[in-house]
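Enquirer: sharing a model prediction with you, sequence too.
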Amino acid sequence: VHVPDKPNLYSCQKIRTGKDGLPRLLSLAAEKSKAWYSNPQNCPAMQNPNARQIRSERREAIIIVIETLLSHLDLNTLHIGWARDSGFIDINMKTIVKKSGLNQRRCERAIFVLKTAGFLKITQPRLKRYGRYVTLRAVRIMTYAFFEWLGLSKILIREKTKAIAR
């Protein structure tokens with residue numbers, strides 16, 4: 001149940017911090033994005049085109065989805081998913097729904113807002129097999145604009161060079 005004065009701004013699976021956790025940049029980005037809930041006018045890119053404020057339920061869902069996506073972000077490429085020996089596995093919508101604790105439609109709406117704002121780039125690769133097209137898992141990429149909005153672009157560049165060196 002959504003309570004506007006006491007929003008739940010955390011996904012089911014929080015960003016891992018500490019020794020085995022993710023880089024501090026990702027938890028810092030999640031925390032800074034939570035401040036947007038109280039001050040939605042601070043990000044004109046995520047405003048409604050008709051100048052109305054985004055509803056608090058939607059803002060809550062957007063922040064939860066941001067935290068979920070950041071917890072699976074690969075700093076080398078800014079792709080969202082997991083690096084494996086066999087290659088990179090992009091995160092699917094089913095995983096986003098499960099890890100965020102939201103229903104699928106709320107996740108889709110939140111992702112649409114992030115994509116429209118230019119913070120998330122999504123491509124849907126297709127493959128031709130036996131004369132028919134088969135759609136593959138969507139590729140989701142966080143953009144530099146997201147980190148610039150949060151004022152973390154310089155830290156991102158520094159962390160990215162560290163990640164590439166590893």
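Expert: Ah, there it is.

Enquirer: hey, where'd the helices end up in the protein?
Expert: 24-34, 56-70, 93-100, 104-117, 144-149, 153-165 (DSSP state H).

Enquirer: and those, which is most packed in?
Expert: helix 56-70 (a mean of 23; mean count of other Cβ atoms under 10 Å). Placement of C-beta: from N, CA and C, glycine included.

Enquirer: which other residues reach that one?
Expert: Helix 56-70 is contacted from outside by 2, 4, 7-11, 13-15, 22, 26-27, 29-30, 33-34, 36-37, 40, 46, 54, 80, 91, 96, 99-102, 106-107, 109-111, 113-114, 120, 140, 142, using Cβ atoms under 8 Å, 6 or more residues apart in numbering.

Enquirer: returning to what we had before: next, format the helices of the chain as CSV and append distance to residue 129 and mean pLDDT.
Expert: Formatted as CSV, these follow (distance: least, Cβ to Cβ, whole Å; pLDDT from 0 to 100):
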stretch, distance to residue 129, mean pLDDT
helix 24-34, 36, 89
helix 56-70, 30, 92
helix 93-100, 22, 93
helix 104-117, 27, 94
helix 144-149, 34, 93
helix 153-165, 34, 85
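
Enquirer: need the ones you listed in TSV with distance to residue 76, can you?
Expert: Shown next, in TSV, are the helices of the chain (distance: least, Cβ to Cβ, whole Å):
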stretch	distance to residue 76
helix 24-34	13
helix 56-70	15
helix 93-100	20
helix 104-117	21
helix 144-149	14
helix 153-165	5
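
Enquirer: contacting residues for residue 74?
Expert: 80, 81, 82, 83, 88, 163.
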